[in-house]
Structure formats: structure tokens, C-alpha cells
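# for reference, the sequence and a predicted model appear below.
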Amino acid sequence: MDKAAPGLTFLHLDAPLRPSAVVVARDPLVRSGLVAVLGAYPGLVLREALADPGTAAPADVVIGDAPDGSSAPFLALVSTVQEARQALRSGARGALSRSAPGSSIVPAALAVAAGHWVLDETFAAVLLHVGDSPSGPPSLLSPREQEVLALLSEGLSNRDVATRLGISRHTAKFHVNAILDKLGATTRTEAVVLAARSGLLTL
């Protein structure tokens, strides 16, 4: 787990060369602010900024205030823990506070573009129950579940996990559900980040 900016926690990554981004935000002030931040960073290609996600161009990452239903990884900018939880459940790969500085938004966008998850520490403390009773030792998960967890950290779907391990999709889904249950997580994102924090996953 690396910390590239204060208040931001994300998984170690090897970001694609000059990934492209699309900004989708209803508030024109939010859009203009994101354009100023992202447009000033030479390592990220800003394609367009829209109020309506329906016509967004293909991109490596979409940044905005609600998942847009596209296939591109989505980085949600939210105000509350409830909004962060809903964004993750709706398919977002990351959730940052709307007040996050540009020094956090850019590396977060790169992380999401690379297929990893990002969670603002402001929300992580609540969503992942940091400070509660610690998780058990690595033996909490079976060897196969640890293999599945490692693949989840790469952003693989159940189908891809099944293919990689030579098991059925049903079995892969069974292992994923078991991991969520054992870690007390409600989403795959929470499972990966919580496992990393607990030493169950080496990144």
C-alpha cells in the first residue's frame, strides 16, 4: 500500500503511458475545476468535460460525481461516506472527497486507469471499520481464497478469475463470496483494501 498524497490510499500500480480521461459532472464549477487540475498534468490526456455522460468519448478513466454506466473505470468525487458507499456499489473503482486537492486527484485517476481501486482515507476509516477488532491471521483464508483475492486485487472479474485458475465461474463466485464474508466486506473493493490493510494481501 502506497501513500502518494496526504489522505489518499491506493494500491501500487504501473499506470499506462499517458492514459486518457473524461470528466463528467453536473456542476459547471466542478467541471471547470477538474479541467484546470487535470489539464495541467502532462501525464494525463483530458479528452472532454461533460454534464451529461451519455455522449462521453472512450477513455481510460472517467472522473465525476456519479458512475456513468460506461465500461471505463470510474473515479467518483463524493461528499459523504454514504455517497462513497453507493458509488462503490454502483461500480466505481474509487471514491475521493469532493474537497480532495489536485495532488490527490491526479494519482487517484492514474491508479483507477491502471485498473486498481482508490479510497479516500476520510471514508476508509468508516467503510473498512479501521480501529475495530483486527482481522484474523492470513490463515483466515484458505490457500485457494488467497489466490482468488490476489486476482481480485488485479481487477479481474469472476470469469477472468475462473479462467486464470482453471475453475468454473460458479466456483470462482463461491470463493469471492466466501472472501467477502470472512473479511466482513460488502464489495470486492472493500475486500481488497481491507485485506491489504490487514496484511492478508501483499501488493
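Yep, that arrived. Numbering: from 1, shown residues only.
# domains of the chain?
Residue ranges for the structural domains of the chain, counted by automatic domain parsing, are given in the record as 2-127, 138-197.
# between the ones you listed, which gets the lowest average pLDDT?
Mean pLDDT per stretch puts domain 2-127 lowest among the domains of the chain, at a mean of 78.
# ok so, going back, how about the domains of the chain in JSON lines, adding mean neighbour count?
C-beta coordinates here come from the backbone N, C-alpha and C atoms, glycine included. Shown next, in JSON lines, are these (neighbours: other CB atoms under 10 Å):
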{"stretch": "domain 2-127", "mean neighbour count": "19"}
{"stretch": "domain 138-197", "mean neighbour count": "18"}
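# next one: phi and psi at Pro42?
In terms of degrees, to the nearest 10, the main-chain angles of Pro42 are phi -70, psi -20.
# quick check: next helix or strand after the longest helix along the chain?
Taking DSSP state H as the criterion, the chain has its longest helix at helix 169-183. Using DSSP states H and E, the helix or strand that follows helix 169-183 towards the C-terminus is helix 188-197.
# and the angle for that following helix with helix 169-183?
In terms of direction (axes from the mean of the first three to the mean of the last three CA atoms, to 10 degrees), helix 188-197 departs from helix 169-183 by 60 degrees.
# distance of the most centrally placed residue in the chain from Gly91?
Using CA atoms, centre = their mean, the residue of the chain that lies closest to the mean C-alpha position is Trp117, 2.4 Å off. From Trp117 over to Gly91 the distance is 12 Å, taken as CB to CB, to the nearest Å.
# give me every residue that touches Ala84.
Ala76, Val78, Ala95, Leu119, Asp120, Phe123, Leu127 (CB atoms under 8 Å, 6 or more residues apart in numbering).
# secondary structure added to those, as a markdown table?
Shown next, in a markdown table, are these (DSSP: H, G, I helix; E, B strand; the rest coil):
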| residue | secondary structure |
| --- | --- |
| Ala76 | strand |
| Val78 | strand |
| Ala95 | strand |
| Leu119 | strand |
| Asp120 | strand |
| Phe123 | helix |
| Leu127 | helix |
